[in-house]
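Trainee: Sequence isn't available, so here's the structure alone:
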């Protein structure tokens, strides 16, 4: 258990007028405890009150993970018979003295399963969106977290370079994606990666979230790769676009525009400004070049223990940028039926501006040139 993080959470619980918070397996539970559990048919839940009392409801077979933590929180376990599960939740509720008030939950994490057990065990409790508490807890990264993200970025970049050395005509999107996964694992990435690599060739690169297919690589194709690595619970998320042979001149032109937009976004971020500033700076470059209609997503998203987390970088977001925030800057232009270009970097907000955690060459270049 990280006591400093737990104390910060208790302060945030009080600040937001809650009597407690509930977390099922996911990044925040791991952030607080250092423990990893996976979602399954058996419920697991961490409960923290405004007074700092901590309880965990979990299957008896998982109790061994709590070795050494017995003085920090109380465990309430159950067996394989589902009829015994409600009792563990009721015992935890009684021990924590949670009878009335508001308990926050992670709105995009807590499942119907755990919520029903909580409601049955705590009929006097109102369960509410605790997203602001989680933002206040995890959004500003400390030096150790940023260092882990730098390592995740380095692993990802080196894996891509190793992959590109093997890319040749006739390879399919799926084959390239599989080779990249192998290189990520060989390079030190945790098996838990932010997402499966996006490898999009030619016309498929006009789809921002393309899924790799059997589409083969031919001379004259654009190749877009969006990938990341995991290191000790923290992620990287990078996109680079390449030319294979002589590529259509318009695609090379939009590559130059996206490169300029990426630079403008990174230059615009300053502490004290709102997150929308970054989006507006990148978007204006693309709009002024006549391709505003083809930039069809926000400029970025927060990054850390999750591939997508606050802050979200869209024009209307008035959240103030503060040191320690980590996010992506990833403008793109997408031309249906023809192709697209996206250039994505991972960055951290410092006291003076944006520092990039990624440094792989950004311009649309030939595969051979970058792979050496």
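Mentor: Done, it's in. It should be emphasised that the depicted structure is a prediction, and the values quoted were computed from it without experimental measurement.
Trainee: Buried residues, stretch 57-76. List them.
Mentor: 57-59, 62, 65-66, 69, 73-76 (16 or more other Cβ atoms under 10 Å). For glycine as for every other residue, the C-beta is placed from the backbone atoms N, C-alpha and C.
Trainee: Which one of the residues you listed is nearest to residue 226?
Mentor: Nearest to residue 226 among the buried residues of stretch 57-76: residue 65, at 33.9 Å, using Cβ to Cβ.
Trainee: Mind giving me the packing neighbours of the worst-scoring helix or strand of the chain on mean pLDDT?
Mentor: Lowest by mean pLDDT, DSSP states H and E among the helices and strands of the chain is helix 367-371, with a mean of 80. On a contact count with 3 or more Cβ pairs under 8 Å, 6 or more residues apart in numbering; DSSP states H and E, helix 367-371 meets helix 143-164, strand 238-244.
Trainee: Give me the mean pLDDT for the last one.
Mentor: With pLDDT averaged residue by residue, strand 238-244 scores 98.
Trainee: So among the buried residues of stretch 57-76, where is pLDDT lowest?
Mentor: For these, the pLDDT minimum is residue 69, 62.
Trainee: which residues sit against stretch 143-153?
Mentor: 141, 188-189, 228-236, 238, 303-304, 324, 326, 346, 348, 357-358 (Cβ atoms under 8 Å, 6 or more residues apart in numbering).
Trainee: same thing but at 10 Å, please
Mentor: With contact meaning Cβ atoms under 10 Å, 6 or more residues apart in numbering, stretch 143-153 is reached by 31, 138, 141, 184, 188-190, 193-194, 228-238, 303-305, 324, 326, 345-346, 348, 350, 355-360.
Trainee: Count the residues that sit near residue 136.
Mentor: By the criterion of other Cβ atoms under 10 Å, residue 136 has 16 neighbours.
Trainee: How about the secondary structure of it?
Mentor: Look at residue 136: counting by DSSP: H, G, I helix; E, B strand; the rest coil, its state is helix.
Trainee: any idea of the pLDDT on it?
Mentor: pLDDT, residue 136: 94.
Trainee: Nearest residue to it in space, ignoring adjacent ones along the chain?
Mentor: residue 12 (4.9 Å; Cβ to Cβ, 6 or more residues apart in numbering).
Trainee: From the contacts of stretch 143-153, which land in helices?
Mentor: Judged by DSSP state H, those include 31, 138, 184 as members of helices.
Trainee: Nearest to residue 158 among those residues?
Mentor: Among those, and counting by Cβ to Cβ, the member closest to residue 158 is residue 184, at 9.2 Å.
Trainee: So, low pLDDT: which residues of the chain?
Mentor: 68-71, 372 (pLDDT under 70).
Trainee: can you map out the helices along it?
Mentor: Taking DSSP H, the helices of the chain run over residues 3-15, 27-33, 85-96, 112-121, 131-138, 143-164, 173-186, 249-268, 276-288, 367-371.
Trainee: could those helices go into JSON lines alongside distance to residue 211?
Mentor: Putting those into JSON lines (distance: least, Cβ to Cβ, whole Å) gives the following:
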{"stretch": "helix 3-15", "distance to residue 211": "36"}
{"stretch": "helix 27-33", "distance to residue 211": "24"}
{"stretch": "helix 85-96", "distance to residue 211": "37"}
{"stretch": "helix 112-121", "distance to residue 211": "28"}
{"stretch": "helix 131-138", "distance to residue 211": "29"}
{"stretch": "helix 143-164", "distance to residue 211": "18"}
{"stretch": "helix 173-186", "distance to residue 211": "8"}
{"stretch": "helix 249-268", "distance to residue 211": "21"}
{"stretch": "helix 276-288", "distance to residue 211": "25"}
{"stretch": "helix 367-371", "distance to residue 211": "21"}
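Trainee: of those helices, which approaches residue 48 most closely?
Mentor: Using Cβ to Cβ, the helices of the chain put helix 3-15 closest to residue 48, at 6.2 Å.
Trainee: Taking helix 131-138 as reference, get the angle to that closest one.
Mentor: 150 degrees (axes from the mean of the first three to the mean of the last three Cα atoms, to 10 degrees).
Trainee: Give the buried residues for helix 3-15.
Mentor: 5-6, 9-10, 12-13.
Trainee: what does that helix contact?
Mentor: Contacts for helix 3-15 (Cβ under 10 Å, 6+ apart): 2, 18-21, 23, 28, 31-34, 48-54, 72-73, 102-104, 130, 132-138, 142.
Trainee: of those, buried ones?
Mentor: By 16+ other Cβ under 10 Å, those give 18-21, 23, 28, 31-33, 48-50, 53-54, 73, 103-104, 130, 133-138 as buried.
Trainee: Would you mind measuring from the nearest residue to residue 190 once chain neighbours are set aside to residue 221?
Mentor: Once flanking residues are discounted, residue 190 sits nearest to residue 230: 3.9 Å by Cβ to Cβ, 6+ apart. Distance of residue 230 to residue 221, given as Cβ to Cβ, to the nearest Å: 29 Å.
Trainee: Residue 57 pairs with what?
Mentor: Beta bridges link residue 57 to residue 45, residue 76, judged by DSSP bridges.
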